[in-house]
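Visitor: Following is a predicted model, sequence given first.
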Amino acid sequence: MKPLTENEAIRRLENLKTRYRQNITENYEHRAKNCLTCETQGACCLDAHFVNVHITKLEAIAIKKVLAEMNVAKQIEINQRIAETIEKYNLTDSGDTFARTFACPLFEKGIGCLVHSVKPVPCIQHACYEFQEDLPPDELQTETERKIERLNQQTYGNSKWLPLPVYLKKI
Ligand code: SF4
Ligand code: SF4
């Protein structure tokens, strides 16, 4: 497998997510409920019985780059939220990490997702659809995650997925 530099991998990750987002937006999302007028905005990100978003190291690096552009006070606040989330929901980097769920520390009331431009694949895929048949197929998400895993493998030599807060704390 051809190795990649981190910068090149991030560039490819951005392109991949842009294409994936376009596909979801153009072909599926118009049938979903409008998040801008949602009366329970953020319920999807803060549902501690539902959210178990996992990311690769490459995505953690890309998310950290976005967070690093915020002012220092906000960065400290987010880092605190990440640490509190790990503790509160007992998130770890070993065992069946997918079995534990959490309220995402990257959701900000009044703003929404703080890392919208680089949000994880399940977050791009997710929306509230009235009819099951309108949902984007799971294979789309699986296929995109497989490509991301390959980029991660080419860059860091591993294909590890960890809960979002755990990987962000590690970086
Ligand atoms: S995904 Fe659903 S719950 Fe979340 S903001 Fe959009 S409409 Fe609301
Ligand atoms: S990363 Fe963003 S979209 Fe995904 S669960 Fe967290 S706040 Fe919601």
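Guide: That came through, no problem. Ligands and ions are numbered 1, 2, ... in the order given.
Visitor: For the residue nearest the centre of the chain, give its distance to ligand 1.
Guide: Residue closest to the mean C-alpha point of the chain, counted by CA atoms, centre = their mean, is Pro120 at 2.3 Å. Distance of Pro120 to ligand 1, computed by CB to the nearest ligand atom, to the nearest Å: 14 Å. (Glycine included, C-beta is placed from N, CA and C.)
Visitor: repeat for His30
Guide: Taking CB to the nearest ligand atom, one finds His30 at 13 Å from ligand 1.
Visitor: and the gap between that residue and Val166?
Guide: Distance of His30 to Val166, given as CB to CB, to the nearest Å: 34 Å.
Visitor: likewise Ala62?
Guide: Ala62 sits 16 Å away from Val166 when distances are taken as CB to CB.
Visitor: and the closest residue to His54 other than its chain neighbours, what does it touch?
Guide: Counting by CB to CB, 6 or more residues apart in numbering, His54 lies nearest to Trp161, which is 4.2 Å off, once chain neighbours are set aside. Going by CB atoms under 8 Å, 6 or more residues apart in numbering, Trp161 touches 54-56, 97, 149.
Visitor: rerun at 7 Å
Guide: By CB atoms under 7 Å, 6 or more residues apart in numbering, the residues touching Trp161 are 54-56.
Visitor: Excluding chain neighbours, give the residue nearest to Asn27 in space.
Guide: Pro136 (7.5 Å).
Visitor: What parts of this protein come near ligand 1?
Guide: Within the chain, the residues that sit near ligand 1 (CB under 6 Å from any ligand atom) are 33, 35, 38, 40-41, 43-44, 126-128.
Visitor: Switch those residues over to JSON lines; also include pLDDT and distance to Ile78.
Guide: Formatted as JSON lines, the residues of the chain next to ligand 1 follow (pLDDT from 0 to 100; distance: CB to CB, whole Å):
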{"residue": "Lys33", "pLDDT": "96", "distance to Ile78": "27"}
{"residue": "Cys35", "pLDDT": "92", "distance to Ile78": "21"}
{"residue": "Cys38", "pLDDT": "93", "distance to Ile78": "23"}
{"residue": "Thr40", "pLDDT": "94", "distance to Ile78": "23"}
{"residue": "Gln41", "pLDDT": "93", "distance to Ile78": "19"}
{"residue": "Ala43", "pLDDT": "95", "distance to Ile78": "20"}
{"residue": "Cys44", "pLDDT": "96", "distance to Ile78": "19"}
{"residue": "His126", "pLDDT": "96", "distance to Ile78": "21"}
{"residue": "Ala127", "pLDDT": "96", "distance to Ile78": "25"}
{"residue": "Cys128", "pLDDT": "97", "distance to Ile78": "26"}
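Visitor: That's all I had, so thanks and see you.
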